[in-house]
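>>> Next come a sequence and a model predicted from it.
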Amino acid sequence: MALVIGLVLGLEREMRGYAAGLRTMALVAAGSCLFTGLGLIPGLSKSVDPTRIAAQVVTGVGFLGAGSILRTGEDVRGLTTAASIWVAAAIGMGVGFGYFTASAISAAFVLITLTALRWVERRFFPARHNRRRDDPRTDVVPP
């Protein structure tokens, strides 16, 4: 389930031409699910704390997301991609802990955020200071 949710989240990023797409999101979600699930194995639970594993997943994914953020002068790119990687890991951990419904609902809200709010940004904030007008990904037509 985590892999499928990661694929769905990655599809949105892939369709927009971002580097962290299908494979990245699917692997992050599946990997975080696996790490979380391993921490719940009864034989390991005496020596492994699942919350510590979850904390390490968050740290590791934060490092991965930080690598997708680029700054050139005043332009900052990759923040949404980094946040998408981070939330894919969180959803994967939710699946790993057995919260399937909460994970599916979260994934739906994330997709709504990535798709519907893009229209709101373009409509109401077309000249936001950190969006380049000549960037085709912003879909802003110069005046």
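Nice, thanks for sending it over. A quick note: this is a predicted structure, and the numbers were derived from the prediction, not measured.
>>> hey, let's count contacts and neighbours off CA atoms from now on
Fine.
>>> which helix of this protein spans the most residues?
Longest helix in the chain by number of residues (criterion: DSSP state H): helix 100-124.
>>> Give the other helices and strands that that one contacts.
The helices and strands touching helix 100-124, judged by 3 or more Cα pairs under 8 Å, 6 or more residues apart in numbering; DSSP states H and E, are helix 2-15, helix 79-96.
>>> between it and helix 79-96, how big is the angle?
The directions of helix 100-124 and helix 79-96 differ by 160 degrees, with axes from the mean of the first three to the mean of the last three Cα atoms, to 10 degrees as the criterion.
>>> Quick one: distance of helix 100-124 to the chain centre.
In terms of Cα atoms, centre = their mean, to the nearest Å, the centre of helix 100-124 is set 11 Å apart from its chain centre.
>>> now stretch 76-96
Mean-position distance between stretch 76-96 and its chain equals 2 Å (Cα atoms, centre = their mean).
>>> residues of that stretch that come out buried?
By 16 or more other Cα atoms under 10 Å, the buried positions in stretch 76-96 come out as 78, 81-96.
>>> same thing with stretch 26-43?
By 16+ other Cα under 10 Å, the buried positions in stretch 26-43 come out as 26-40.
>>> what do you get for stretch 110-118?
For stretch 110-118, by 16+ other Cα under 10 Å, it's 110, 111, 114.
>>> Between the two ends of stretch 70-80, how far is it?
Using Cα to Cα, to the nearest Å, the end-to-end distance of stretch 70-80 comes to 11 Å.
>>> what does stretch 7-24 give?
9 Å.
>>> Need the residues that contact that stretch.
Contact with stretch 7-24 is made by 6, 25-26, 68, 81, 84-85, 88, 107, 110-111, 114-115, 137, as judged by Cα atoms under 8 Å, 6 or more residues apart in numbering.
>>> I'd like those as TSV, with distance to residue 58 and pLDDT appended.
As requested, the contacts of stretch 7-24 are exported to TSV (distance: Cα to Cα, whole Å; pLDDT from 0 to 100):
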residue	distance to residue 58	pLDDT
6	16	90
25	14	88
26	16	90
68	16	79
81	15	85
84	13	88
85	10	89
88	11	92
107	17	93
110	18	92
111	21	91
114	21	86
115	25	86
137	28	53
